[in-house]
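# give me the fold of what follows.
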Amino acid sequence: MPLRNLFQHQFYPTQPAIVPTVRTLECFEAAERSFHSLHTKHRIGRVLLVHGTFMGDDPLGLSETLKSLGHGLPVIGPQLERLAAMLLENTRPVATSLVDDIGNYTEDFRELFQKLVGDDPQVDFLEPTWSSQNHHLARADLAVRLIHQLLVRPCPSDQRVLLWGHSHAGNAFALLTNLLANDQTAVAAFFAAAGQQPGEHWAAVRKSLASSTTPHPLARRVSIVTFSTPVRYGWDTSGCCQIVHVTFHRPHDPEHPFLTMPLYPPHAVSDILSAKWGDWVQAFAIAGTDVSSAVSLTANEMLTKLLEANLPEPQHDVDTRFIPSKLLSDTCARWKLGTRCHSDGANYLVDYKPSGTMTPIGQALESTMMGHGVATTLKWLPAHLSLVLEALSTQSAG
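Model prediction:
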């Protein structure tokens, strides 16, 4: 997307600004490489690890719904609010205990990352975390939370923050770049569409953007790396310094090596579960796959009008034209296009060479979660960090 993206959506298929890089990635032990250049060369003073959808504290909106139902009610209201608070406190720990590092950033991951890079940069989780619900408002809230975090905990003026995110966390990063680009009219439209949201972070960020220059000064100090992020919101390159995308991909057509195997018509279940053509979740979770909660329905309808305003109607063939649901019909037509790459930043399309590691249920680590889980695993962190350093160096040189 261009400078002054103004919250425009990416198209299907995309036209990457930089020719994607197709690589085969090999696993190696951490002791084989040095990663200190993340701080010494690239001036990264802090790394923020941000998990993707369904790995947060309220992935299904249960706590949000209970709190809404209990608001203002005598007797039962406080009980519902206590239950909501208990769910917020326990949901993410329970989920982490079940999936560990498959599609999820764990404390062990953070500790290994810190060990690899040394004393600098500081490697942190976003705290408090985001709900991780699968809709516009949840990702908008994450974008605002991140900016608020950068405002209250700024790096020294000569250093940058690296946002390191999995799955739809990357789409919150895309919204963040549009916010930090800080076109006043577009930012005002964003906050108007989101409506009045709870939490001091919304008011603080809105005030900071309204009183700041265009782009916001923070934009010069944010670098971004995404893993397995579906192609959704457009990026504004004036709202950050660098953007790198890492995606599990196996080319299926030599004439179109940057496209994924189309998800529609459907394929064999075995191909999906084994990630035969790469990350199926990343290819699946495009426009049309959100699930709004009852509490956020109005805000999501308004945000859809803003964030998908420029998205053209897809062209239909016989196999999609007569699907009864327009939403599903349009989504299937877009799945057929095989979009894999983002419009801006450096796209690294990675085929993982088998590490030989198996999960407790006997599945190859690289094919977990239909190819979506490998990006957050401890086993592959050294190789991912090495690839990111290479990508940052290439962009700096360019």
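
# how about the helices in the stretch 51-200 of the chain?
With DSSP state H, counting those that start in this stretch as the criterion, the stretch 51-200 of the chain has helices at 62-70, 76-99, 107-117, 136-152, 169-181, 184-194, 200-210.

# export those helices as TSV, with columns for distance to residue 390.
(C-beta placed from N, C-alpha, C; glycine too.) What follows is these, written out as TSV (distance: least, CB to CB, whole Å):
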stretch	distance to residue 390
helix 62-70	41
helix 76-99	29
helix 107-117	15
helix 136-152	25
helix 169-181	19
helix 184-194	34
helix 200-210	33
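
# can you list the domains in the protein?
The record assigns the chain these domain ranges, following automatic domain parsing: 21-55+103-397, 62-99.

# returning to that earlier point: what's the most buried one of the helices of the stretch 51-200 of the chain?
Mean neighbour count (mean count of other CB atoms under 10 Å) peaks for helix 169-181 among these, with a mean of 28.

# extract the C-alpha trace of it and format it as PDB.
Below are the C-alpha coordinates for helix 169-181, written out as PDB (Å, rounded to 0.1, in the frame of the first residue of the first chain):
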ATOM      1  CA  ALA A 169      -1.300  -9.800  15.800                       C
ATOM      2  CA  GLY A 170       0.400  -8.700  12.600                       C
ATOM      3  CA  ASN A 171      -2.900  -7.200  11.300                       C
ATOM      4  CA  ALA A 172      -3.000  -5.200  14.500                       C
ATOM      5  CA  PHE A 173       0.500  -4.000  13.600                       C
ATOM      6  CA  ALA A 174      -0.900  -2.900  10.200                       C
ATOM      7  CA  LEU A 175      -3.500  -0.800  11.900                       C
ATOM      8  CA  LEU A 176      -0.800   0.600  14.100                       C
ATOM      9  CA  THR A 177       1.100   1.800  11.100                       C
ATOM     10  CA  ASN A 178      -1.900   3.600   9.800                       C
ATOM     11  CA  LEU A 179      -2.500   5.200  13.200                       C
ATOM     12  CA  LEU A 180       1.200   6.300  13.600                       C
ATOM     13  CA  ALA A 181       1.100   7.700  10.000                       C
END
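
# that one - what's its average pLDDT?
Averaging pLDDT along helix 169-181 gives 98.

# quick one: that helix to helix 200-210, angle?
40 degrees (axes from the mean of the first three to the mean of the last three CA atoms, to 10 degrees).

# packing partners for helix 169-181?
The contact analysis (3 or more CB pairs under 8 Å, 6 or more residues apart in numbering; DSSP states H and E) places helix 169-181 against strand 44-50, helix 136-152, strand 160-166, helix 184-194, strand 222-227.

# starting at the chain centroid, how far to stretch 223-233?
Centroid separation for stretch 223-233 versus its chain: 5 Å, with CA atoms, centre = their mean, to the nearest Å.
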